[in-house]
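1. output the structure for:
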Amino acid sequence: MIPISGIDYSFNEFINAVKISLQDRTHRKIGLSEHKEAAVLILLFEKNNSPHVLVTKRSEKVAVHKGQMSLPGGSVDHVDKDIMETALRETEEETGVHRTKIEILGRFDDYITITGFHIAVFVGYTGYPVDYTFNADEIVDHVEVPLETFTRHEGVDFDKYNYRGTDIISYRYIFKGNTIWGLTSMMLTDFVQKIILKKMN
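-> Residues are numbered from 1 along each chain as shown. So this is what the prediction gives:
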């Protein structure tokens with residue numbers, strides 16, 4: 001059963017509930033044509049009888065966000081048939097998890113970065129253990145983080161930004177010595193709050 005905020009679900013029920021929740025809502029769209037299109041994947045799996053998510057650590061060789069904890073993903077390429085294909089292709093290239101091993105549950109909200117990217121967030125799941133083959137030029141480490149981590153805000157440090165007149169809070173989660181912060185933190189916090197807790201409580 002799934003030990004997350006008192007929710008008592010089997011993993012299959014959990015995944016089905018996430019899928020329905022994503023299908024039942026309209027994802028947030030951001031129309032900024034000057035931003036470069038990109039996509040990331042919230043990759044879920046069952047570990048130790050609870051839902052976990054893959055978070056990777058970027059190398060110092062990548063063009064942007066060097067050394068940061070992130071979700072697998074990247075920029076749109078001309079070979080991609082659509083933005084979901086971008087998320088799957090980039091996940092496969094970075095982590096070695098083949099797209100045929102991933103079931104997409106739906107699309108979450110869009111985000112923008114101060115570095116000029118417009119990011120589409122997709123949610124998928126795969127079996128565990130996950131068969132990784134990381135691209136060392138892009139990824140130097142990874143953690144498999146319980147989703148429960150992103151429900152606990154008391155005593156958690158945070159950053160506060162103002163972007164285009166909007167105040168934004170980003171929590172700093174520490175997991176196994178790694179700090180998950182910035183946009184990755186916001187995406188995962190929002191996903192848990194808007195999809196997991198709202199649907200299942």
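
2. and the gap between Leu22 and Ile196?
-> 11 Å (CB to CB, to the nearest Å). Placement of C-beta: from N, CA and C, glycine included.

3. likewise for Asp167?
-> Counting by CB to CB, the separation of Asp167 from Ile196 is 24 Å.

4. neighbour count: those two, which is higher?
-> For Asp167 and Ile196, the more surrounded residue by other CB atoms under 10 Å is Ile196, and the numbers stand at 23 against 8.

5. what sits against the more buried one?
-> Listed by CB atoms under 8 Å, 6 or more residues apart in numbering, the contact set of Ile196 reads Ile4, Ser5, Ile7, Val18, Leu147, Thr151.

6. taking those, please make a PyMOL selection of just the buried ones.
-> To isolate the buried ones among the contacts of Ile196 in PyMOL, judged by 16 or more other CB atoms under 10 Å, type:
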select buried, resi 4+7+18+147
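
7. would TSV of the contacts of Ile196 with secondary structure and distance to Val130 be doable?
-> Below are the contacts of Ile196 laid out as TSV (DSSP: H, G, I helix; E, B strand; the rest coil; distance: CB to CB, whole Å):
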residue	secondary structure	distance to Val130
Ile4	strand	19
Ser5	coil	24
Ile7	strand	23
Val18	helix	18
Leu147	helix	15
Thr151	helix	23
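
8. can you tell me which of the contacts of Ile196 is nearest Gly127?
-> Using CB to CB, Val18 is the member of those that lies nearest Gly127, at 15.9 Å.
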